[in-house]
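Participant: I would like the atomic coordinates for the input below:
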Amino acid sequence: MIDFEILGEPASAKNQRRIVSVGGKPRIIKSKKALDYSKAFRGQCPKLDYLIDCDVALRIDVWYASRRPDLACADLIMDLLQDFIYMNDRQVKAVMSVWNLDRENPRCRIRLKTLKDGGDSQGLSSFSLSEIWEM
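Facilitator: Residues are numbered from 1 along each chain as shown. Next comes the predicted model:
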């Protein structure tokens, strides 16, 4: 199991996107907050020597500085873990997110666990919740 914290309030990958002009063509990009968080995340995230190449379960405990944000940060965090912890965010087969409040110290605790092969021949999941979240 991998367990670490990232300091700072996470942003949503989807909320508050911006439309900008690149080469005279409109493009939709992440919000400034999401881009800033991405930079801070990359500066703090451990990088494994060998990226995980199997299915994983991800638990994200988020402490926000105010009651306003929702848990829409999970998608961005899964994207940011790619190339640091695992090869591709499609490897994430289970996600659990928990919302918390800490006005003085916003942060995320990220726990990741590798999973045994949980698919059957029809591609249906056979992961039990007790197996995944016994962290």
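Participant: which residues in this protein form helices?
Facilitator: 32-44, 74-81, 129-132 (DSSP state H).
Participant: list the contacts for the residue nearest the centre of the chain?
Facilitator: The residue lying closest to the centre of the chain (C-alpha atoms, centre = their mean) is I77, at 2.2 Å. Taking C-beta atoms under 8 Å, 6 or more residues apart in numbering, we find I77 in contact with P10, F41, L58, I60, C108, I110. C-betas here are computed from N, CA, C, even on glycine.
Participant: Was I right to think the last one contacts V56?
Facilitator: No. In this structure I110 lies outside contact range of V56 using C-beta atoms under 8 Å: 11.1 Å.
Participant: ok, and what's touching stretch 33-48?
Facilitator: Here stretch 33-48 makes contact (C-beta under 8 Å, 6+ apart) with 2, 4, 6-13, 16, 29-30, 76-77, 80-81, 84-85.
Participant: ok, back up a step: what's the pLDDT at the residue nearest to the centre of the chain?
Facilitator: Turning to I77, the model gives it a pLDDT of 96.
Participant: Strands of this protein, residue ranges please.
Facilitator: Assigned by DSSP state E, the strands in the chain fall at 2-7, 18-22, 25-29, 56-64, 92-101, 107-114.
Participant: And the residue of the chain positioned farthest from its centre, how close does it get to K30?
Facilitator: Relative to the centre of the chain, the most outlying C-alpha is that of G24, 32.5 Å out, by C-alpha atoms, centre = their mean. Here the distance between G24 and K30 works out to 21 Å (C-beta to C-beta, to the nearest Å).
Participant: Check D83 too.
Facilitator: Taking C-beta to C-beta, one finds D83 at 17 Å from K30.
Participant: Out of these two, name the residue with the larger neighbour count.
Facilitator: Using other C-beta atoms under 10 Å as the criterion, D83 and K30 rank with K30 on top: 20 against 15.
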